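Chemist: let's see this in three dimensions:
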Amino acid sequence: MQPDKIETKRLKLVGVEMYISEEEDFGYKMEAMRAEIKNRRDEIQNRINNKHVGFWQWQMMHEEGYNTHRNYFCGVEVSDFQDIPYGMIIKNLPECKFAIFAEKNGEEGTVTYENGVYVNWLPKSGYSFCTKISGDFEVYDFDEQVEYHEVWIPVDEK
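Modeler: Presented below is the predicted three-dimensional model:
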């Protein structure tokens, strides 16, 4: 497994956020957040593209090292933070390199879980996880006919 590209960017995001425990059935929460962003995207000024970004923010590590509690942010990328819609928040993340992997819609987790990029690709690559950003990203097109989405892993050169 190799990334499709490595890109450097600074992320400015506007959206909504919710605490999620992997011990619960959280799919309905994520769907509600995605629906809110889709329904309210025209309220968000200075959108860069027709995509929504899911940001898994790591909160606490399980004793085996697996992360079970996180905040999930769903929003859109913007060029600046003018006129933030009521009830939405911003994420102003530092510039970082991202290893970007394609993942088939409906097969979420295949890039990151079990034998995914953290276990197989990252240790053997010339990169390490970028600790300036506490999580990874899913980037979906609002057009539901698009078959793939992207998974962005923040990385630093070793």
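Chemist: quick check: which element contains the spatially most central residue of the chain?
Modeler: Nearest residue to the geometric centre of the chain (Cα atoms, centre = their mean): Phe137, 1.8 Å. For Phe137, the host element (DSSP states H and E) is strand 135-141.
Chemist: who does that strand pair up with?
Modeler: If you go by DSSP bridges, strand 135-141 pairs up with strand 51-61 (antiparallel), strand 148-157 (antiparallel).
Chemist: now those as TSV including mean pLDDT, distance to Phe26 and mean neighbour count?
Modeler: From N, CA and C alone the C-beta is placed, and that goes for glycine too. Output for these, formatted as TSV (pLDDT from 0 to 100; distance: least, Cβ to Cβ, whole Å; neighbours: other Cβ atoms under 10 Å):
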stretch	mean pLDDT	distance to Phe26	mean neighbour count
strand 51-61	77	11	17
strand 148-157	93	18	20
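Chemist: can you redo the ones you listed as a markdown table with distance to Ala99?
Modeler: Supplementary listing: these in a markdown table, determined by distance: least, Cβ to Cβ, whole Å:
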| stretch | distance to Ala99 |
| --- | --- |
| strand 51-61 | 15 |
| strand 148-157 | 5 |
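Chemist: Cys96: which of those is closest?
Modeler: With Cβ to Cβ, the closest approach to Cys96 among the strands paired with strand 135-141 belongs to strand 148-157: 4.6 Å.
Chemist: what does that closest one rub up against?
Modeler: Contact partners of strand 148-157, identified using Cβ atoms under 8 Å, 6 or more residues apart in numbering, comprise 3-4, 6, 96-105, 111-112, 117-118, 122, 125-133, 135-141.
Chemist: circling back: next one: the nearest residue to the residue nearest to the centre of the chain once chain neighbours are set aside from Pro85, what distance?
Modeler: Using Cβ to Cβ, 6 or more residues apart in numbering and skipping the chain neighbours, the partner closest in space to Phe137 is Trp152 (4.0 Å). Noted for Trp152: a distance of 24 Å to Pro85, by Cβ to Cβ, to the nearest Å.
Chemist: kindly report the same for Asn92.
Modeler: 16 Å.
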